[in-house]
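> need a structure here:
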Amino acid sequence: MLATLRRLAVAGPLTLIFSVACWGQTTAFEGDVKGEDGKPLVKTTVHLDRKDIKGNYKVNTDKKGHYYYGGLPIGTYKIWVEVDGKERDAVDNVKSGLGDAKVISFDLKKSATSAADRQAELQKTIASGGELTKEQTRDMTPEQKAALEKKMKDAAATMAKNKALNDAFNAGKTALDAKQFDVAIENLEKAKAMDPNQNVIWGNLADAYGGAAKTKTGAEQQAMLDKGIESYQKAIELKPDDAAYHNNYALLLAQSKKADQALVELTKAAQLDPPNAGKYYFNGGAVLVNLGQNEPAGAMFKKAIEADATYADAHYQYGIYLIGKSTTTPDGKIVAPEGTKEEFQKYLELKPDGSNAEAAKAMLTSMGETLQTDYSKPGAKKPTTTTKKKP
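From the prediction side, this is the model:
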């Protein structure tokens with residue numbers, strides 16, 4: 001019994017010694033820090049912030065980019081690297097332990113790539129309207145997380161709006177291509193209401209109204225033309241350098257018998273798009289012909305030829321303008337202004353099988369001109385000719 005008591009008496013102090021030793025246990029961290037160039041970062045501050053109980057420690061790397069910090073209390077730490085006053089890389093929730101120093105190294109090149117990947121993945125999640133993962137929100141404050149969730153909610157709403165907009169626009173464009181003008185107008189008006197700042201919506205809406213006008217008469221036709229004109233005005237306001245808008249706007253103005261305004265727009269189109277200036281001037285001439293204004297129409301056709309000498313139809317129309325100024329001799333011979341026959345001949349050289357080819361030949365015959373039998377090779381040696389004179 002006495003021996004047992006002695007053993008117990010010895011065991012008691014030993015237990016007390018173990019308890020005191022626990023209070024004195026410490027831990028250590030070490031590691032290497034490399035910069036984005038792969039070289040060691042010297043005299044760079046490494047922070048060791050204890051998270052379970054408040055405690056902040058820091059140490060600088062040596063000339064080899066190595067750091068060591070011993071004698072730290074056991075706990076959970078966030079270890080991070082400071083460069084130019086900013087956190088550049090971090091390892092969070094590191095649990096320390098007894099024994100050798102725990103190695104936590106940093107490679108800023110890899111971390112930068114990893115951070116970029118994480119950011120890209122985050123942006124992808126936001127764009128797709130998906131849910132954030134715990135990893136993506138791990139280092140966010142509640143305020144940051146709330147702000148990001150709001151941003152994602154707004155992005156999802158924008159995506160839904162864009163889908164509805166695209167659906168309406170595509171349906172309108174498909175209907176317009178199929179000349180289903182009422183359906184086109186209905187869908188393009190929806191698209192316009194969703195986003196009134198898209199010039200392409202206004203341009204297609206103008207074309208839809210212009211197409212619909214051709215199926216109407218009277219006041220109803222004019223109402224469609226007016227809406228088309230208004231739509232083109234808005235499209236041009238949003239994209240003033242689009243020559244096609246000015247050209248098509250001019251054609252609607254011409255349909256509304258606003259010739260002067262139409263010619264202004266066609267001139268703008270030619271100035272904005274010099275390679276196609278001939279087409280715009282030709283359209284101006286056509287507008288004037290339809291309005292019975294032959295003199296200015298002739299000037300326009302001449303400008304079309306000056307802009308594009310290969311524009312066959314401009315040569316033909318200018319020839320028609322010139323022959324309209326012909327005189328007739330007492331014996332019935334037609335005397336056309338100088339250059340008239342050359343315009344019809346040029347047309348036949350450029351378009352020997354064109355829709356106006358026979359008319360051009362008839363005009364030349366009426367002037368007593370000799371016709372070639374083959375106009376298919378402009379510039380080549382003329383083949384055998386036949387002569388046709390007006391009786």
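> can we go C-alpha only for contacts and neighbour counts from here?
OK.
> what ranges do the helices span in this structure?
If you assign secondary structure with DSSP state H, the helices in the chain sit at 2-23, 108-128, 134-137, 142-177, 181-194, 199-213, 218-238, 243-255, 259-272, 277-290, 294-307, 312-323, 340-350, 357-366.
> As CSV, the ones you listed with mean pLDDT, distance to H47 and mean neighbour count would be great.
Shown next, in CSV, are these (pLDDT from 0 to 100; distance: least, Cα to Cα, whole Å; neighbours: other Cα atoms under 10 Å):
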stretch, mean pLDDT, distance to H47, mean neighbour count
helix 2-23, 39, 24, 10
helix 108-128, 65, 15, 14
helix 134-137, 58, 22, 12
helix 142-177, 79, 23, 16
helix 181-194, 95, 52, 20
helix 199-213, 95, 55, 24
helix 218-238, 96, 55, 19
helix 243-255, 93, 63, 24
helix 259-272, 92, 63, 20
helix 277-290, 92, 70, 24
helix 294-307, 93, 74, 21
helix 312-323, 95, 81, 24
helix 340-350, 95, 83, 23
helix 357-366, 92, 89, 18
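> In CSV, list those along with distance to D32.
As requested, those are arranged in CSV below (distance: least, Cα to Cα, whole Å):
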stretch, distance to D32
helix 2-23, 30
helix 108-128, 11
helix 134-137, 25
helix 142-177, 31
helix 181-194, 56
helix 199-213, 57
helix 218-238, 58
helix 243-255, 63
helix 259-272, 63
helix 277-290, 69
helix 294-307, 73
helix 312-323, 79
helix 340-350, 80
helix 357-366, 87
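> Minimum distance to K333: which of these has it?
K333 lies closest to helix 357-366 among the helices of the chain, at 8.6 Å (Cα to Cα).
> Convert the C-alpha atoms of the closest one to CSV, please.
Taking Å, rounded to 0.1, in the frame of the first residue of the first chain, the C-alpha atoms of helix 357-366 are listed here in CSV:
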residue,chain,number,x,y,z
ALA,A,357,-29.5,46.6,-126.2
GLU,A,358,-32.2,46.5,-128.9
ALA,A,359,-33.4,50.0,-128.0
ALA,A,360,-29.9,51.3,-128.3
LYS,A,361,-29.5,49.8,-131.7
ALA,A,362,-32.8,51.3,-132.8
MET,A,363,-31.6,54.7,-131.7
LEU,A,364,-28.4,54.3,-133.6
THR,A,365,-30.3,53.2,-136.7
SER,A,366,-32.7,56.2,-136.4
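> what sits up against stretch 63-71?
For stretch 63-71, contacts defined as Cα atoms under 8 Å, 6 or more residues apart in numbering pick out 26-34, 40-44, 46, 59-61, 101.
> how about a cut-off of 7 Å?
For stretch 63-71, contacts defined as Cα atoms under 7 Å, 6 or more residues apart in numbering pick out 26-34, 40-42, 59-61.
> What subset of these is buried?
The neighbour-count criterion (16 or more other Cα atoms under 10 Å) marks 26-34, 40-42, 60-61 among those as buried.
> Now pLDDT and distance to L364 too, for those residues, in TSV please.
Output for these, formatted as TSV (pLDDT from 0 to 100; distance: Cα to Cα, whole Å):
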residue	pLDDT	distance to L364
T26	88	112
T27	91	108
A28	94	106
F29	95	102
E30	96	101
G31	95	97
D32	96	95
V33	95	92
K34	93	88
P40	94	91
L41	93	91
V42	94	94
N60	96	98
T61	96	97
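> Of the residues you listed, which belong to strands?
Among the buried ones among the contacts of stretch 63-71, the members found in strands (DSSP state E) are 26-34, 60.
> Closest to Y249 out of those residues?
K34 (64.3 Å).
> for the closest one, what are its contacts?
40-41, 65, 106-108.
> nearest residue to it other than its sequence neighbours?
If the residues on either side of it in the chain are set aside, K34 comes closest to P40, at 4.4 Å by Cα to Cα, 6 or more residues apart in numbering.
> so how many other residues sit close to T141?
10 (other Cα atoms under 10 Å).
> I'd like to know how far it sits from A90.
With the distance defined as Cα to Cα, to the nearest Å, T141 ends up 16 Å from A90.
> how about S96, phi and psi?
Here is the backbone geometry of S96 (degrees, to the nearest 10): phi -80, psi 170.
> who touches it in this structure?
27, 74-76.
> Reformat the residues you listed as a markdown table; add distance to M363.
Formatted as a markdown table, the contacts of S96 follow (distance: Cα to Cα, whole Å):
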| residue | distance to M363 |
| --- | --- |
| T27 | 108 |
| I74 | 108 |
| G75 | 105 |
| T76 | 101 |
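> Isn't E30 up against F106?
No - using Cα atoms under 7 Å, E30 is not in contact with F106; the gap is 10.6 Å.
> Next up, the contacts around Y57.
By Cα under 7 Å, 6+ apart, Y57 lies in contact with 47-49.
> Could you give the bridge partners of it?
For Y57, the beta-bridge partners under DSSP bridges are L48.
> What of V335?
T327.
> That one contacts I323, correct?
No - in this structure, V335 is not within contact of I323 by Cα under 7 Å, at 8.6 Å.
> domains for the chain, by residue range?
Listed domain ranges for the chain are 26-111, 142-239 (source: automatic domain parsing).
> okay if I get the ones you listed as JSON lines plus distance to F282?
What follows is the domains of the chain, written out as JSON lines (distance: least, Cα to Cα, whole Å):
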{"stretch": "domain 26-111", "distance to F282": "63"}
{"stretch": "domain 142-239", "distance to F282": "20"}
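> of all the ones you listed, which lies closest to K361?
domain 142-239 (33.5 Å).
> hey, what's T27 bridged with?
Under the criterion DSSP bridges, T27 forms beta bridges with L72.
> and the gap between it and Q221?
Taken as Cα to Cα, the span from T27 to Q221 is 89 Å.
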